[in-house]
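Engineer: Got a predicted model here, sequence first, then my questions.
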Amino acid sequence: MIHFVLLISQQGKVRLAKWYSPYSQKERSKVIRELGGTILSRGPKLCKFVEWRGYKVVYRRYAGLYFCMCINHEDNELETLDIIHHFVVILDRYFGNVCELDLIFNFHKAYYILDEILIAGELQESNKKTIERLIDAQDLLVETAKEEANLISKLIAQATN
Amino acid sequence: MESLFQRSLDDLIKGLRLSPPGVEAAFIAKSVDEIRREIKSTDSQTKATALQKLTYLHSLHGVDMSWAAFPAVELSSSAVHSHKRLAFLSASLSFNPNTTDVILLLTHQLRKDFSSSNPHDVSLALCTLSSISTPDLSRDLTPDLFTLLNSSKNFVKKKAIAAILRVFEQYPEAVRVCFKRIVENLESSDMGVLSAAVGLFCELAVKEPRSYLPLAPEFYKILVDSRNNWVLIKVLKIFAKLAPLEPRLAKRIVEPICEHLRRTGAKSLEFECVNTIVTSLSEYEPAVKLAVMKIQEFLLDNDPNLKYLGLQALAIVAAKHSWAVLENKDVVIKSLDDVDVNIKLEALQLVMAMVSEDNVAEICKVLISYALKSDPEFCNEILGSILSTCSRNFYDVIVDFDWYVSLLGEMSRIPHCQKGEEIETQLIDIGMRVKDVRPELVHIARGLLIDPALLGNPFIRKVLSAAAWLSGEYVEFSRNPLELMESLLQPRTCLLPPPIRAVYIQSAFKVLTFCIYSFLSCGDDTSYHSELTDSVLKGDFQESSDTVTIAPISDTDIYDGLITRSSHQPPKCVSTGNGDDSMISHEQISSASLRKQQLTQKSIMDLVNLVETNLGPLAGSHEVEIQERASNVLGMIELIKPRIHSSTDESEGDKIKGEPESF
């Protein structure tokens, strides 16, 4: 199972952190510091797996952002690389040529997308179209709710005039 | 109204990015204060925005938000979907199942959402439950989950299955209740549902494989029919756990797995197949051969990921099929030189697995050459693994101990070597266990003790300590005890820490007693055949004149001096008058007779004086060990001096008597 997902920028700033195992706040900061240091210092030609505290951390760099996932010792590293890629492709399709700023200003949407892909540390949906449809449906809900709210306030405004 | 002046998430983020580096913490603190006020608002939108900002600060900047747990619960009951979403998101990110008290308050809300008509609400609730489940929550919500496992919407079903794994962990009773429904889902046509169900069993089977053995037929069907790689990988993992329990199962799945391995283009599936074969199906030769072929492909690939994984898989195969490693020997050895440290370490482990009696010398030679080229860390890794492999099972793999101890000596001279302690232990251990190698050990020890440069090297001190002990303990094998004494007492030994110096002094004591004993025993009793004179007589010439030529430059003066001095006094210690002297030609001077030549009265007195001069000052040392041992030696010298002098008079007398005879 995947224990946590971290997105770290090249300067060491966290852009997304999702924890699937119980980690206290202090432990979380410690993990981020340690892993950030280890992974950011690895050269580009080296293999993308790091042994860490008995677990394995698989990472991949996309533009200036490192996507890291921590897995158990028995898990398949190549599969995890595929999961990371899956996540990135979906983000790209959703935001349209996603860049780091998109993730910074829409952190909650990034989390929603991640929640559609991984549940409890396991891959739940490998079909990109399905995920797109689901997220769009949820966005639609939000939009309709907003429109309704606007409509109601317009009605009220009209009525009181 | 309040929301008009409330800062939105965007404002917060922009504010953070624009604030200069030192001010950031203050900015965050101010924002948190604002949020505290805003979150108490009754207006749902205000509360939602405040919560969103706080979640942002918490997840990316580590700000504590445990105080906001109750507002989050409040907000989750909102009818507005986006507010609910935010509330659940913040709950799943910040609630800690162990410490957040208000989690129980969520039970009712979650239950409501589970039965909601809006499937997105349901999925939200499921997602949240999987992140923060507690035993109480799990127990209370199991019945609702059970209903959801039959939901008409596939994506809800899929999430329910995924969530139920967490519930199982917290509340094991739930397994019995829900099991049947999950098994039904194994036959679902929807890939998402199937994948979730298989994933669930994968996790469960890892913990308790035997209970899921009855489901093997279903998994087999999936193995053979499915074309979805993700599902296949999970099924393979399940079989990896089940196959060892049931040999008939193993026999049936070998063929389909090999089929997949041959046909697939996906590296991740290939790797999983190889892994399954080498861990659980290693008795099936054709399958293993196929797997090794694939591993070879991985090893030769340029992608460092594949190389690393190939080496790992090879390490697993090596345990039972060493031919596989030998086939790929060259690639493995080349990988020792790789840029990536992970790959180097894997390659090193593999090389160690290849070691056997026949090739241990060759492998160690290659490894030492790599160690000399590498950075200190990897160098020590190599040395450490050589030391541990060779000493395994009481040096099982070593046949030629002379070679091994010279290797140990060589290793201690490698510049970056930090394995001094282990080398020390092994040298002494071997010295005590293997009698035949003691002469070689003493020879190596001499090499180490003589070199003054080594005394300044902190890493090698332990080895020097071992060398000193060995020289003292087995001094009878030493070719030149006087030289040994010189090196034990050289001035630079003051650089050593006290415990090691104490060992040096004790060894000097042993060497001194040996020399004096040898001198006195042949001075007193000319017909006394010590072991060494025996070996001389029996023509046991192990050492030739080489012993003279290999002496270090600094000692040749002393040698010459000794020989010229002793030539004036015919060596009385060599056995008298049975004509065997003729066997001892001038060129072939054995170590024993050289020693005998050295142990003249003059040389012994010089020796004693040397010891006295060097150890005298130490008798007043502050270090207890040093003081004690130095005092012992000096005390003994005091006692023995008269004896040496008196033996002079005797031998003088002999000489006068014997002179007419020798001429």
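Structural biologist: Ah, there it is.
Engineer: In contact with the one residue sitting closest to the centre of chain A: list those residues for me.
Structural biologist: For chain A, A:Leu114 is the residue whose C-alpha lies nearest the centre (CA atoms, centre = their mean; 4.7 Å). Listed by CB atoms under 8 Å, 6 or more residues apart in numbering or on different chains, the contact partners of A:Leu114 are A:Val5, A:Leu16, A:Lys18, A:Phe87. All C-beta atoms are positioned from the backbone trio N, CA, C, and that covers glycine.
Engineer: Also B:Ser31?
Structural biologist: Residues touching B:Ser31, when contacts are defined by CB under 8 Å, 6+ apart, comprise B:Arg7, B:Leu12, B:Gly15, B:Lys53, B:Leu57.
Engineer: Get me the contact residues on the stretch 1-150 of chain B for chain A.
Structural biologist: By CB under 8 Å from any CB of the partner chain, the part of the stretch 1-150 of chain B that sits against chain A consists of B:9-10, B:13, B:17, B:52, B:55-56, B:59-62, B:64, B:80-82, B:85-86, B:89, B:92-93, B:96-98, B:118, B:120, B:123, B:126-127, B:130-131.
Engineer: Kindly recompute the last result at 6 Å.
Structural biologist: Applying CB under 6 Å from any CB of the partner chain, one finds that the stretch 1-150 of chain B approaches chain A through B:Ile13, B:Tyr56, B:Ser59, B:Leu60, B:Gly62, B:Val80, B:His81, B:Ser82, B:Leu89, B:His120, B:Cys127, B:Ser130.
Engineer: One more: chain B?
Structural biologist: Close to chain A, as judged by CB under 6 Å from any CB, chain B has residues B:13, B:56, B:59-60, B:62, B:80-82, B:89, B:120, B:127, B:130, B:162, B:165-166, B:192, B:196, B:199, B:230, B:233, B:267-268, B:271-272, B:304-305, B:308, B:340, B:342.
Engineer: Now do the strands in the stretch 101-250 of chain B.
Structural biologist: Counting by DSSP state E, counting those that start in this stretch, one finds no strands in the stretch 101-250 of chain B.
Engineer: low-confidence ranges in it?
Structural biologist: Segments of the stretch 101-250 of chain B classed as low confidence (criterion: pLDDT under 70) are not present in this model.
Engineer: hmm, back to that, next one: the residue nearest to the centre of chain A from chain B, what distance?
Structural biologist: Counting by CB to the nearest CB, to the nearest Å, the gap from A:Leu114 to chain B is 10 Å.
Engineer: follow-up on the earlier one: okay, the residues of the stretch 1-150 of chain B next to chain A in JSON lines with secondary structure and distance to B:Lys221 next?
Structural biologist: Supplementary listing: the residues of the stretch 1-150 of chain B next to chain A in JSON lines, determined by DSSP: H, G, I helix; E, B strand; the rest coil; distance: CB to CB, whole Å:
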{"residue": "B:Ile13", "secondary structure": "helix", "distance to B:Lys221": "51"}
{"residue": "B:Tyr56", "secondary structure": "helix", "distance to B:Lys221": "47"}
{"residue": "B:Ser59", "secondary structure": "helix", "distance to B:Lys221": "42"}
{"residue": "B:Leu60", "secondary structure": "helix", "distance to B:Lys221": "45"}
{"residue": "B:Gly62", "secondary structure": "coil", "distance to B:Lys221": "48"}
{"residue": "B:Val80", "secondary structure": "coil", "distance to B:Lys221": "45"}
{"residue": "B:His81", "secondary structure": "helix", "distance to B:Lys221": "40"}
{"residue": "B:Ser82", "secondary structure": "helix", "distance to B:Lys221": "43"}
{"residue": "B:Leu89", "secondary structure": "helix", "distance to B:Lys221": "39"}
{"residue": "B:His120", "secondary structure": "helix", "distance to B:Lys221": "33"}
{"residue": "B:Cys127", "secondary structure": "helix", "distance to B:Lys221": "30"}
{"residue": "B:Ser130", "secondary structure": "helix", "distance to B:Lys221": "28"}
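Engineer: Max pairwise distance over the residues you listed: which two?
Structural biologist: When the residues of the stretch 1-150 of chain B next to chain A are compared pair by pair using CB to CB, the farthest-apart members prove to be B:Gly62 and B:His120, with a separation of 30.2 Å.
Engineer: More neighbours: which of these two?
Structural biologist: Here B:Gly62 and B:His120 are compared on neighbour count by other CB atoms under 10 Å in any protein chain shown; more neighbours surround B:His120, at 21 against 16.
Engineer: contacting residues for the more buried one?
Structural biologist: Contact analysis of B:His120 by CB atoms under 6 Å, 6 or more residues apart in numbering or on different chains lists A:Gln138.
Engineer: Assign a three-state SS to A:Arg60, would you?
Structural biologist: Recorded secondary structure, A:Arg60: strand (DSSP: H, G, I helix; E, B strand; the rest coil).
Engineer: sorry, that was for A:Leu114
Structural biologist: Classified using three-state DSSP, A:Leu114 is helix.
Engineer: Also A:Cys68?
Structural biologist: In three-state terms, and counting by three-state DSSP, A:Cys68 is strand.
Engineer: would B:Thr389 count as being in a strand?
Structural biologist: No. Secondary structure of B:Thr389 (three-state DSSP): helix, not part of a strand.
Engineer: Identify the residue nearest it in space, chain neighbours excluded?
Structural biologist: The shortest distance from B:Thr389 to any residue that is not its chain neighbour, by CB to CB, 6 or more residues apart in numbering or on different chains, is 4.9 Å, and that residue is B:Met352.
Engineer: do you know how far that neighbour is from chain A?
Structural biologist: Here the distance between B:Met352 and chain A works out to 18 Å (CB to the nearest CB).
Engineer: Ok, B:Thr142 next?
Structural biologist: Distance of B:Thr142 to chain A, given as CB to the nearest CB: 16 Å.
Engineer: Hmm, that residue is touching B:Glu173, no?
Structural biologist: No. Applying CB atoms under 6 Å as the test, B:Thr142 and B:Glu173 come out as separate, 7.6 Å apart.
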